[in-house]
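Peer 1: Let me see the structure of the following:
(4 chains)
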There are 2 protein chains.
Amino acid sequence: MPDLDAQRTRIQTRNRQAILDAALEAFSSNGYAGVTIDRIAEGAGLSKPNVLYYFPSKEAIHHALLDGLLDLWLAPLRDMDPDGQPLDEILAYVARKLDLSRRYPRESRLFAHEILQGAPHLAPVLGGQLAALVADRAALVAGWMAQGRLAAADPHHLIMSIWALTQHYADFDLQVRAVLGPGHDPFAEAGAFLDRMYRRLLTP
Amino acid sequence: MPDLDAQRTRIQTRNRQAILDAALEAFSSNGYAGVTIDRIAEGAGLSKPNVLYYFPSKEAIHHALLDGLLDLWLAPLRDMDPDGQPLDEILAYVARKLDLSRRYPRESRLFAHEILQGAPHLAPVLGGQLAALVADRAALVAGWMAQGRLAAADPHHLIMSIWALTQHYADFDLQVRAVLGPGHDPFAEAGAFLDRMYRRLLTP
DNA sequence: GTCTATACTCTGATAGAC
DNA sequence: GTCTATCAGAGTATAGAC
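Peer 2: Numbers count the residues shown, from 1 in each chain, chains lettered A, B, ... in the order given. You can find the predicted model right below:
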């Protein structure tokens, strides 16, 4: 069943998407408990019972949003090329991850909420899929460092530092803008700052 | 009225503190909407009406927790000494901020929730007190860089990078531990990693 | 100061007409 | 497929006894 939408009418597809979009908007800024089905319905332009016609419960909507989120989130790390130039690969990874924060701030905040709350849905995946991918990539980076093609640094914490820094610009956007004041482009400046930072940190 | 507790009995002082502690525990992991007064009461070992005897509303409890949080949070930045050695001052700041994350992870998460939700209570302070302090410290750092005592970098983004990295270890503790696996001391490793990182980044 | 009992509101979910 | 009506439960807050 590769395309579930094939079994749905155009209206169904559109409404499902409208619900998910409204729910993402709501959950990402207010957390799971801070959102009512009524508000999702309003955002989607539907009635509350109609929302519950498309999803069996509020919980199901939330679950549908989290599903696949980790894949989106880890794609840039997966895309690191073992055969590329080490420094270029890291810098490209940073740029891709920052771009993800810029383009998907709501998804970033949804993820942040989930982790803050103890990851009731994602916990198993964190210790499994996530830890495995990071271990794999950390080994790759450690290899580059051992060959002297990158300056030495703890690979796990290096990868996590990239997450922390890039996601900060999405999750704490409000604070970032308050600190920078008007007339700034936080993501553009962050791109330049982070490129210089990791270049200097990792150049052998 | 410097000491409000002077007007309270010992029992009142103790119960107020128990309520605030239970509320901090609850709010920091579940967000404002995800917490019921019942749960706070249970955590404090009191009945629900009794909690509402000490605070007029759930909202008031939350407000009491946020009050003064920013002061605690910004203290390390305030403590940067303009007359110290630039690199030492920055590294000491990083260490103090990381120590704050280690000792007060619940406060860090409470702050994260507040910002994620659009800072309904802190918004005015962010654009005022916070922005002013950062501007002041950024100017100090920029001066050091202009004198060639630190390598050049955007001072605002430098300060924010320190926030992002140190708070990540508190806010995303669950993810950090999942990635590192058992047998690690995330904060100790972070201390070493961040010290090397900023030393390398800022050494002229 | 603390408890029991309760009023009142909001929210998730269902039933059933159309 | 979508709506109106409604139920059941949870949650904030208050009243009033002790």
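Peer 1: what's the pLDDT at A:Q7?
Peer 2: Per-residue pLDDT puts A:Q7 at 67.
Peer 1: what do you get for A:A146?
Peer 2: 98.
Peer 1: could you check the distance from it over to A:P155?
Peer 2: Distance of A:A146 to A:P155, computed by C-beta to C-beta, to the nearest Å: 11 Å. (Each C-beta comes from the backbone N, C-alpha and C, glycine too.)
Peer 1: Compare the two (neighbour count), which wins?
Peer 2: A count of neighbours by other C-beta atoms under 10 Å in any protein chain shown puts A:P155 above the other of A:A146 and A:P155, at 20 against 10.
Peer 1: ok, and the closest non-adjacent residue to that one?
Peer 2: Counting by C-beta to C-beta, 6 or more residues apart in numbering or on different chains, A:P155 lies nearest to A:A138, which is 3.8 Å off, once chain neighbours are set aside.
Peer 1: who touches A:Q129 in this structure?
Peer 2: A:Q129 is in contact with A:L70, A:L74, counting by C-beta atoms under 8 Å, 6 or more residues apart in numbering or on different chains.
Peer 1: what kind of secondary structure is it in?
Peer 2: helix (DSSP: H, G, I helix; E, B strand; the rest coil).
Peer 1: Likewise for A:L150?
Peer 2: Under three-state DSSP, the three-state class of A:L150 is coil.
Peer 1: what's it in contact with, if anything?
Peer 2: A:P86, A:L87, A:I90, A:V141, A:W144, A:L202, A:P204.
Peer 1: So what's the residue count around the residue nearest to A:P155?
Peer 2: Neighbours of A:A138 using other C-beta under 10 Å come to 19.
Peer 1: how far is whichever strand or helix holds it from where the chain is centred?
Peer 2: Following DSSP states H and E, one finds A:A138 within helix A:131-146. Between the centre of helix A:131-146 and the centre of its host chain there is 21 Å, according to C-alpha atoms, centre = their mean, to the nearest Å.
Peer 1: and what of stretch A:88-97?
Peer 2: On the basis of C-alpha atoms, centre = their mean, stretch A:88-97 sits 15 Å off its chain's mean C-alpha point.
Peer 1: can you check stretch A:101-119 too?
Peer 2: Taking C-alpha atoms, centre = their mean, one finds stretch A:101-119 lying 6 Å from the centre of the chain it belongs to.
Peer 1: can you list contacts of it?
Peer 2: Stretch A:101-119 is touched from outside by A:24-25, A:27-29, A:31-32, A:65-66, A:69, A:72-73, A:100, A:120-122, A:126, A:166-167, A:169-171, A:173, A:187, B:29-31, B:34, B:109, B:112-113, B:116, B:171-172, B:174-175, with contacts defined as C-beta under 8 Å, 6+ apart.
Peer 1: Out of those, which end up buried?
Peer 2: A:24-25, A:27-29, A:31-32, A:65-66, A:69, A:73, A:100, A:121-122, A:126, A:166-167, A:169-171, A:173, A:187, B:29-31, B:34, B:109, B:112-113, B:116, B:171-172, B:174-175 (16 or more other C-beta atoms under 10 Å in any protein chain shown).
Peer 1: Narrow those to those in helices?
Peer 2: A:24-25, A:27-29, A:65-66, A:69, A:73, A:100, A:166-167, A:169-171, A:173, A:187, B:29-30, B:109, B:112-113, B:116, B:171, B:174-175 (DSSP state H).
Peer 1: Give me the distance between the closest residue to A:R196 other than its chain neighbours and B:P86.
Peer 2: Nearest non-adjacent residue to A:R196, counting by C-beta to C-beta, 6+ apart: B:A153, 6.7 Å away. Between B:A153 and B:P86 the computed distance is 12 Å (C-beta to C-beta).
Peer 1: Which neighbours do these two have in common?
Peer 2: Both B:A153 and B:P86 are contacted by B:L202, under the criterion C-beta under 8 Å, 6+ apart.
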